[in-house]
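In: Predicted model follows, preceded by the sequence.
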Amino acid sequence: MKRRTYLSGAVTAVGLPVSAVGSGLAPAIGVNDRENETQPASMLLEGTDYETELYVIEGDSTGPTGIVVGGVHGDEKSGYRAAETVSSWQFDAGRVVVVPRVNQPAIDANARHGVGGDLNRKFPPGEEPTTKLARTIWNDVVLQYEPDFLLDLHRSKGIYEFHPDFVGQAIYPTSVEPAPSNATETIDMLNEDHVPWSMPFHEFKTGNTLYGTSPMLVHKAGDDLGIPAYIVETARFLTDLDTRTEWTAVAARSLLSLHDIERVTEGDR
Ligand SMILES: [Zn+2]
């Protein structure tokens, strides 16, 4: 396994016009212009308390579109830090749309809930999302970019079954193939290559399959759009933030790869 490096903070624009900032539209993209260049961010909900960055990373060739979000719950640092890591990557194909810090007011408060309660209960399948932030994420990100799959990066406090109230280290797939098999393949890799043998309670598990029965973003994506989507959870219990962030980013990289979007680094080119 190659060592991975993690960038902190936002990447900067490299001389590319961000023509659509604040317009609510996707940025204009000149694919040929941006190979090898770091992608600029545009802003969602600019000028409001919810203002947050959106990255659109074009791969070197055409391919599927994946959406990656973090920070739906504002106290889940490893989720949004891993999403920030993904926003700094480049890919060989397709398009990766990343909103690393979806729920900025909750992140500012380091609290699970931001304004109006639990954001991950505002996405009823088959209906309009029930808050302004949820509607923006759904309409201006998910529907705007028409993803072939979606990743939602979270963090649990405890270990599944060992701590009865917590979901533990797990990947929860929608029922849409190949989500369940991709989740299992990613979990096998994490347990084989990343979780130390001395931490058997931390072996990742495949979470229950999501059928659109709850008003969560991933349930809604699977149910309304019929796409593979995943909730990734790592556990705070006995792990440090860097480890959780790395495991979450590794899971994201694997799931992107299983959807035919490979991360590339300068050394690969
Ligand atoms: Zn969460």
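Out: Arrived safely. Numbers count the residues shown, from 1 in each chain.

In: When you work out contacts or count neighbours from here on, use the C-alpha atoms and nothing else.
Out: Fine.

In: Longest helix of the protein, counting residues only.
Out: As assigned by DSSP state H, the longest helix anywhere in the chain is helix 241-258.

In: where in this protein is pLDDT low?
Out: Within the chain, the stretches with pLDDT under 70 are 1-40, 158-167, 237.

In: count of neighbours near the closest residue to the ion within it?
Out: The nearest approach of the chain to the ion comes at His154, 4.3 Å away (Cα to the ion). Using other Cα atoms under 10 Å, His154 has 28 other residues around it.

In: Quickly run through the sheet partners of whichever helix or strand comes after the longest helix of the chain, with directions.
Out: Per DSSP states H and E, the first helix or strand lying C-terminal to helix 241-258 is strand 263-264. Partners of strand 263-264 in the sheet, by DSSP bridges, are strand 90-91 (antiparallel).

In: how about the helices in the protein?
Out: For the chain, applying DSSP H gives helices covering 77-87, 104-108, 132-136, 144-145, 179-193, 217-225, 241-258.

In: ranking these by burial, who's on top?
Out: When you average the neighbours per residue for each of these (mean count of other Cα atoms under 10 Å), helix 77-87 leads with a mean of 28.

In: what's the angle from that helix to helix 241-258?
Out: Orientation of helix 77-87 against helix 241-258 (axes from the mean of the first three to the mean of the last three Cα atoms, to 10 degrees) gives an angle of 50 degrees.

In: From the contact counts, what lies against helix 77-87?
Out: The contact analysis (3 or more Cα pairs under 8 Å, 6 or more residues apart in numbering; DSSP states H and E) places helix 77-87 against strand 61-70, strand 93-99, strand 149-156, helix 241-258.

In: what about stretch 262-269, start to end distance?
Out: Start to finish, the residues bounding stretch 262-269 are 12 Å apart (Cα to Cα, to the nearest Å).

In: near the ion, which residues of the stretch 1-150 of the chain show up?
Out: His73 (Cα under 5 Å from the ion).

In: now with 8 Å?
Out: Residues of the stretch 1-150 of the chain lying near the ion by Cα under 8 Å from the ion: 71-73, 76, 112, 120.

In: quick one: which of these has the most company?
Out: Neighbour tally across these (other Cα under 10 Å): the maximum, 30 neighbours, falls on Gly71.

In: can you tell me which residues contact that residue?
Out: Neighbouring residues of Gly71 by Cα atoms under 8 Å, 6 or more residues apart in numbering: 77, 79-80, 100-104, 107, 153-154.

In: One more: Asn191?
Out: Here Asn191 is in contact with 203-204 (Cα under 8 Å, 6+ apart).

In: The same query, at a cut-off of 10 Å, please.
Out: By Cα atoms under 10 Å, 6 or more residues apart in numbering, the residues touching Asn191 are 197, 199-200, 202-205.

In: With neighbour count as new columns, can those be given to me in CSV?
Out: Output for these, formatted as CSV (neighbours: other Cα atoms under 10 Å):
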residue, neighbour count
Trp197, 12
Met199, 11
Pro200, 10
His202, 22
Glu203, 20
Phe204, 25
Lys205, 21
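
In: Isn't Ile227 up against Pro180?
Out: No. Assessed by Cα atoms under 10 Å, Ile227 is found out of contact with Pro180, at 11.7 Å.

In: got any residues that touch both of these two?
Out: Joint contacts of Ile227 and Pro180 (Cα under 10 Å, 6+ apart) are Thr174.

In: still on that earlier bit, make a markdown table out of the contacts of Gly71 and add distance to Ala221.
Out: Compiled in a markdown table, the contacts of Gly71 are given as follows (distance: Cα to Cα, whole Å):
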| residue | distance to Ala221 |
| --- | --- |
| Lys77 | 23 |
| Gly79 | 19 |
| Tyr80 | 20 |
| Pro100 | 18 |
| Arg101 | 19 |
| Val102 | 16 |
| Asn103 | 18 |
| Gln104 | 22 |
| Ile107 | 23 |
| Leu153 | 14 |
| His154 | 16 |
